[in-house]
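>>> Sequence isn't available, so here's the structure alone:
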């Protein structure tokens, strides 16, 4: 006798991953993590925009949503210098 089985896609892998994802979603909702990311991102974007006014060669075109933000530098040399200085300050 052939027993029916549920097919799991490659993104979830197995039933355990489905349960784990459901639990993660509960934590995200209960701890209001999406709202926290939105407010933190709003603050960070405002600070980056303020810095872009002060240092327009280093920070340009601030954009993004939540904590998924980006900005441009004038050129690769400016970008590399900025990255080196941030790493020297402990930013990884």
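Now that the structure is in, tell me what you want to look at. The structure displayed is predicted, hence computed values, not measured ones. Numbers count the residues shown, from 1 in each chain.
>>> all contacts plus neighbour counts: C-alpha atoms, from now on.
Will do.
>>> Centroid-nearest residue for this protein?
Compute the mean C-alpha point of the chain, and by CA atoms, centre = their mean the closest residue is residue 68, 3.9 Å away.
>>> which SS class is the residue lying closest to that residue once chain neighbours are set aside?
Ranked by CA to CA, 6 or more residues apart in numbering and with sequence neighbours excluded, the top spatial neighbour of residue 68 is residue 41, at 7.4 Å. Assigned by DSSP: H, G, I helix; E, B strand; the rest coil, the conformation of residue 41 is helix.
>>> For residue 41, give me its contacts.
Contact analysis of residue 41 by CA atoms under 8 Å, 6 or more residues apart in numbering lists 65, 66, 67, 68, 69.
>>> distance of it from residue 18?
Separation of residue 41 from residue 18 (CA to CA, to the nearest Å): 29 Å.
>>> Repeat that for residue 76.
Residue 76 is 43 Å from residue 18, by CA to CA.
>>> Could you do residue 47 as well?
Residue 47 is 38 Å from residue 18, by CA to CA.
>>> between residue 76 and residue 18, which one's more packed in?
The neighbour comparison of residue 76 against residue 18 (other CA atoms under 10 Å) goes to residue 18, with 14 against 10.
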